[in-house]
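Enquirer: Here is a sequence together with a model predicted from it:
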Amino acid sequence: MLFKVMKIRLRRMSRLLSVATLSVALFSCADEEIVGGGPRVQEGLPAQIVLKVASGDNRIETRAAQDAANEKRVTNLYVFVFDENGDVCEGSREYHNVPANGVVLTARSKNNAQIAGIANFSETGVNSTYQLSLDALKEVKTKAELEALMAKLDQQTLERSSQFIMSGYAVDGSGNDVFNIPGSESGGIASFECTLKLERLDAKVEFIVKTEVPADKNWDKFDFRPKGWRVVNVPAQSLVLPRETGDADGDGCTYFESPEMPFETIGRDGEYLLDSCAFVFYMPESRKTPARKISGETGVTDAAARYALREKRDKAESKPGDDFSNKPGQEYENGAFTYAPANAAYVEMSGTLSYEEQGGNTVNADVKFTVHLGYANQDPDDYDTRRNTHYIYTVTIRGVNDIEVEVTEKKESRPGYEGNVIVSEIKPHELDAHYDRVLITLNRAQVPRLTWGVQTPYDKAVYKGDFTDANPPGTSSGTGESSTGSGISDYRWIKFAINEDYGRGNNEYVKYPGDQNYKGLPGGGEKSGYDGHSGYPNARLLDVHQLLQRLRDDYDKGLTSGTVTITAFIDEYVYVRHPWDHDYSAGNNYQLKKWREYVGAEDRLLYIIDGDNAHYSPDGASSTMTAIQTFRQKSIRTVYNVDKSESELPTCWGLESSMEGDLVDVGDVSRGKSSGNGRLNTLQCLLGSNYQTVLQWTDVLDVWSTNPEDRYKLKINDALHAVLTRNRDLDGDNIVDPEEIRWYLAAKDQLVDFYIGESALDDASHLYPTNPDDRDGQTYWHYTTSTAYDGGQGGNNVAWGLYAEECVALGATSGMERPELGNKFTCRCVRNLGIGLDAPESEPVALIPRVTAAEADGTYVIDCSNLSPKARRQSIETGNLPQHNDLSPYNRPYAKFRVATRDQDFENAGRERTWSIPAFRWRNWRDWSEYQTMTITPSGYRIPNLRELLIMQTRLPDDAWKSYPGAGLTDNGGGKAMYLSFTSFSRRSTETGGDGTLPNKNGGFRFNAAEGSGSIGATGTGDLDNGYVRGVKDEQ
């Protein structure tokens, strides 16, 4: 990948330096010589030290970064006073609730003294994500002990709470950190002022990725779709005070890799092409000595070339059995970094780069690039990330030239930038994780040059063998879980039907003839399949290898010109057995519980390649090829915690990446009785309570659609029948069987859980699409579900629906129709994972289990550990959350939280009837804005964010919510109250018809605990913005 610019800005930068393709702006902080404090004083006299506390500024750039006030906040402070021998002496102690103007110490006069301070050490109500207790600080007796003291992260995370651990030395009015503390000989107390210069132990690191078309290129639709980022070799500890060189390392020191996370901010232009994307994280300082110095290399003088060597790797030692025959051009695998230190921190970023060349070809590149942190002062041997410094790395992507150079010239001109580049004559077929089909054409004149390749969780290879061999590629031994395979085996997930064989025209699709029309035999056999088709006995489904064999046979028979039309059937992205295991019986599903191996995996690709235009780099990390056809399929997404073991989390449900097709009607959901089992609802709504209703595929779908862009035209245009477009007539008998409905319409609670966990998904997968084109440019975007509405509005076509523009507000679909949406709805399909198809009554493990009873003290503990870590806050908060909106990372739950026994104390709380509208009001309820600055009861609890309140609503038992008495004109106005969240609404507007926002939405979100209300919605104006609150707090 070619980068025009990588800028590294530090908070203390002073000037800008530049080199050919790399521009690095550097701030540095010069070390100051320690100077003594003037004439010596008589020691031991009473002294008073006025210690002002100052913490440095840092600016905020992205959502995940903390507010500047949090980065500077000092909650507690431990002060050390050292004499000139480095011993702790009088005046050393802790302070709590430190005032903004500092503290006053009572001490004794000293010569050449030093004062050090540690802020935000661990105690009740204070958590900085580091473990450093008051007891550990009290045990420090000398400066040397303090300098050796380490603070360890209590969680392996790059997130921080709203309190930062800080340390530093005090300086006098001249800036010296060694000074004399004067005393009083007259019996009074001499006063001495100094300022404690606190620095955060963490560095803040920010990456901004941009795109730019090179001036000499005439490319169109140049775009980068970021996938994720992670940091490798993050120190899990830090020295409390910095050393002149180096960091905490050696025995007892550990390092970790962060999980891959989505980019936090993504900005796009009017064509929805990338402007920039960014992320930010915090980490302990990392200051390492290079394994080998680049500056000492002879013959490397260009600054850009020297920088590139930072990512260079050694060749790994060859191993017996190494075989690169399926990766033409690969000669070895990468080993350790050549120059970078073993534990130096680096960032990996990945995504897809795409553009259209002037000649009409489409270029797609799955790219990954590595950036070692450091490089201050353009020093290629610098791998330091220093504490209390804000680093800003700006990366500008300008193409894939370096990847092509690496491959074609067999040299690595830019180590650390890897990718798989596909140049296609037509745009790649972008496919979701469910069953699908596309219509393609191939030029028969090209057939002798064609081959194929795949990229899947099992294989990354290009076939370079002989097409005359009757045996299929790859070998296998046995069946079942113990079976083994070698060579290329994972290519049978797309089957091809030559239209002419099935009597279909060039503008039509073939109806799926059934799995029995393709059966790959373990020992090989005929090239072109095994079981015939009832209407066309000689027609066969073909895998890609068989397809090219067949077309070569046709070519040898004289079919050397024109085109051939083919229907490609794509399997769902699910593996219930090894791809080399050819026993396709339903019971051979030993991989059923192994869904972690493919859920959230990389896109899998299959491509038909033109000739020898497929090459790998010498290290095998990059490839480039010219493809005639490219199929790219997304994996199943999930909001569950895939890091949990199979025994802890045997089942879950997964999602398609986006809603496909037009808006639909609700359909008859009257038999959809379950709020959480969408598959059971879907089966019973479509096939009856006993699954005996006969439904034919051709009654629902135009399976021979003549519009290539409309792969399945619905004849019954409602959400229930739309699920069949994600499924397949697997036996080809045209009858919809229960086991053929694998993707189903989400139930109400599943759609709610989708919102709770959607931070684990990329922005294109969210319920409210970020791209306006994905919601037809509409502000309102309403979902229907498979759950019949039970809130008092009857009718067969009334389901529970969700207002996505209002995050997660629920209601009856009969009241949600919008004329601008044609009174129709969108929907999302779900698939069970780890559950057999013959068990529709079985539900996956709950994302967040329901709480059935209170703890002994009357509180309620809610366990969110089944939720993906990407959808949870990773750092515990001991106080109020910072102010935030629904898009903020603060609008996430911690892994576990406790709900208070009772509501916030309200004097004379209850409900009363009024003569005005609304007819009832709650006494002494508060406006949402008042809660933004309020400290609530019980002590130690805070107001929940939106997702926490939503979880409370859907998981707590009904009796957890208090019923208040009525009062006023009658006593029958009591009941359960309205509850507010702390989270504000990002699309709020007090104007009627606000541009791009929702009108008459004033502040945050409110939940009505009255039985049957079942919804949290954005608050309105006036009394519609009022309510009570129920406190929560994070639990370890």
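Expert: Yep, it's here.
Enquirer: Let me see the confidence value for residue 61.
Expert: On pLDDT, residue 61 comes in at 32.
Enquirer: Look at residue 954 and give its secondary structure.
Expert: Following DSSP: H, G, I helix; E, B strand; the rest coil, residue 954 is assigned to helix.
Enquirer: same thing with residue 721?
Expert: State at residue 721, reduced to three classes by three-state DSSP: helix.
Enquirer: same question, the one 3 residues further on
Expert: When the structure is reduced to helix, strand and coil (three-state DSSP), residue 724 reads as helix.
Enquirer: quick one, what contacts it?
Expert: Each residue near residue 724 by CB atoms under 8 Å, 6 or more residues apart in numbering is listed here: 697, 700, 701, 712, 736, 741. Using the backbone N, CA and C atoms, a C-beta is placed for each residue, glycine as well.
Enquirer: Pull the contacting residues for residue 90.
Expert: Residue 90 neighbours (CB under 8 Å, 6+ apart): 81, 106, 107, 108.
Enquirer: and with 10 Å instead?
Expert: Residues counted as contacts of residue 90 (CB atoms under 10 Å, 6 or more residues apart in numbering) are 44, 46, 47, 81, 83, 105, 106, 107, 108, 110.
Enquirer: so which strand or helix has it?
Expert: Secondary structure from DSSP states H and E places residue 90 outside every helix and strand.
Enquirer: From residue 142, how far out is it?
Expert: For residue 90, the distance to residue 142 equals 15 Å [CB to CB, to the nearest Å].
Enquirer: just residue 870 next, same as before
Expert: In terms of CB to CB, residue 870 sits 44 Å off from residue 142.
Enquirer: Looking at the two, which is more packed in?
Expert: residue 870 (20 against 14; other CB atoms under 10 Å).
Enquirer: distance of the more buried one from residue 638?
Expert: Taking CB to CB, one finds residue 870 at 11 Å from residue 638.
Enquirer: ok, now residue 344?
Expert: 33 Å.
Enquirer: swap in residue 244?
Expert: When residue 244 is compared with residue 638 (using CB to CB), they lie 48 Å apart.
Enquirer: next one: residue 677
Expert: From residue 677 to residue 638 the distance is 17 Å (CB to CB).
Enquirer: With residue 265 instead?
Expert: Noted for residue 265: a distance of 24 Å to residue 638, by CB to CB.
Enquirer: Which one of those two is surrounded by more residues?
Expert: Shown here are residue 265 and residue 638; by other CB under 10 Å, residue 638 has more neighbours (24 against 16).
Enquirer: ok now do the more buried one, which residues does it touch?
Expert: 595-596, 599-600, 652-655, 757, 760-761, 830-831, 833, 844, 847, 868.
Enquirer: Give me the pLDDT value at the spatially most distant residue from the centre of the chain.
Expert: Using CA atoms, centre = their mean, the residue of the chain lying farthest from its centre is residue 186. It sits 66.3 Å away. Model confidence at residue 186, given as pLDDT, is 72.
Enquirer: mind checking the end-to-end distance for stretch 335-348?
Expert: End-to-end distance of stretch 335-348: 16 Å, with CA to CA, to the nearest Å as the criterion.
Enquirer: Name the residues of it that are buried.
Expert: For stretch 335-348, a neighbour-count test (16 or more other CB atoms under 10 Å) marks 337, 338, 339, 340, 341, 343, 344, 345, 346, 347, 348 as buried.
Enquirer: got it, and stretch 731-741?
Expert: Neighbour-count burial for stretch 731-741 [16+ other CB under 10 Å]: 732, 736, 738, 740, 741.
Enquirer: okay, these in TSV with secondary structure and pLDDT next?
Expert: Listed next are those as TSV, based on DSSP: H, G, I helix; E, B strand; the rest coil; pLDDT from 0 to 100:
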residue	secondary structure	pLDDT
732	coil	91
736	coil	96
738	helix	96
740	helix	97
741	coil	97
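Enquirer: From those, pick the one nearest residue 706.
Expert: If you rank these by distance to residue 706 using CB to CB, residue 732 comes first, at 20.8 Å.
Enquirer: Count residues in the vicinity of the residue nearest to that closest one when sequence neighbours are not counted, would you?
Expert: Ranked by CB to CB, 6 or more residues apart in numbering and with sequence neighbours excluded, the top spatial neighbour of residue 732 is residue 514, at 2.4 Å. Using other CB under 10 Å, residue 514 is surrounded by 18 other residues.
Enquirer: I'd say residue 514 and residue 730 touch.
Expert: Yes - counting by CB atoms under 10 Å, residue 514 does reach residue 730; the two are 6.7 Å apart.
Enquirer: and residue 960, what is it in contact with?
Expert: Shown in contact with residue 960 (CB under 10 Å, 6+ apart): 851, 853, 854, 858, 859, 860, 899, 901, 952, 1009, 1030.
Enquirer: pLDDT check: weakest of those?
Expert: Within the set of the contacts of residue 960, pLDDT is lowest for residue 1009 (84).
Enquirer: Helices along the protein, start to end?
Expert: In the chain, the segments counted as helices under DSSP state H are 68-72, 134-138, 143-148, 303-308, 401-408, 544-556, 678-687, 697-700, 719-722, 748-757, 946-955.
Enquirer: State the mean pLDDT of the fourth one.
Expert: Helix 303-308 shows a mean pLDDT of 82.
Enquirer: Pull out the buried residues from it.
Expert: Applying a neighbour-count criterion of 16+ other CB under 10 Å, one finds 303, 305, 306, 307, 308 buried in helix 303-308.
Enquirer: on that earlier part again, hey, what's in contact with both of residue 870 and residue 638?
Expert: Among the neighbours of residue 870, those also in contact with residue 638 (CB under 10 Å, 6+ apart) are 600, 757, 760, 761.
Enquirer: Much appreciated, bye for now.
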